[in-house]
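> fold the stuff below for me.
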Amino acid sequence: MRLAVYQPDIAPNLGSMIRICACFDVAMDIIEPCGFPLSIKTLRRAAMDYANIADLTRHNSWQCFQTDRQEGRLILLSTGAKTAISGFRFQPSDTLMMGRETAGVPDDVEAACDARVKIPMPGGGRSLNVAVSAGIALFEASRQIAEARG
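As a prediction, the model looks like this:
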């Protein structure tokens with residue numbers, strides 16, 4: 001399983017997602033350009049020491065990511081999706097993709113995804129923080145995969 005982050009806007013959110021990936025032992029794809037200068041120093045500041053243990057791959061663009069990405073389905077987390085993450089069957093080879101904090105993903109990126117899922121919010125909020133959403137989605141996917149394996 002992998003987490004792809006599409007053109008992140010906020011360094012601390014990327015740092016939190018790097019930490020989540022390190023803790024879940026999930027590889028991360030960072031699809032640039034970012035809304036901030038992405039450097040080793042920025043990563044260390046945002047992700048603390050987790051940047052040293054996380055499996056990170058940087059892609060210069062969406063096209064580079066598409067060319068280089070691992071096999072498996074690309075699953076977009078979207079507030080506009082119809083399918084809840086609990087009703088979706090994740091697979092070990094899935095890549096879960098998070099959009100930009102300020103704009104999500106463009107239509108062509110969404111069209112390239114194999115599925116779109118959402119985190120239900122019965123409290124009526126518009127959306128969760130992107131890093132919080134990534135943690136929830138990775139936990140649910142990991143839980144399902146572990147349960148399927150028995």
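
> tell me which helix or strand comes right after the helix or strand bottoming out on mean pLDDT in the chain.
Among the helical and strand segments of the chain, the one scoring lowest on mean pLDDT, DSSP states H and E is helix 40-47, with a mean of 71. Per DSSP states H and E, helix 40-47 leads on to strand 56-59 as the next helix or strand towards the C-terminus.

> burial measure for the closest residue to residue 57 other than its chain neighbours, as a count.
Nearest non-adjacent residue to residue 57, counting by CB to CB, 6 or more residues apart in numbering: residue 29, 5.1 Å away. The C-beta positions use only the backbone N, C-alpha and C, and glycine is treated the same way. Other residues within reach of residue 29 by the criterion other CB atoms under 10 Å amount to 21.

> what's in contact with the host helix or strand of residue 29?
Per DSSP H and E, residue 29 falls inside strand 27-31. Contacts with strand 27-31, where a contact means CB atoms under 8 Å, 6 or more residues apart in numbering, come from 1-8, 14, 17-18, 21, 38, 54-59, 61-62, 65, 69, 95.

> residues contacting the closest residue to residue 114 other than its chain neighbours?
Among residues not flanking residue 114 along the chain, residue 73 sits closest, at 4.0 Å (CB to CB, 6+ apart). Residues near residue 73 by CB under 8 Å, 6+ apart: 91, 93-95, 114-115.

> the protein: helices as residue ranges?
Assignment of helices within the chain using DSSP state H yields the ranges 11-24, 40-47, 62-68, 107-112, 130-149.

> fine, thanks again, bye for now.
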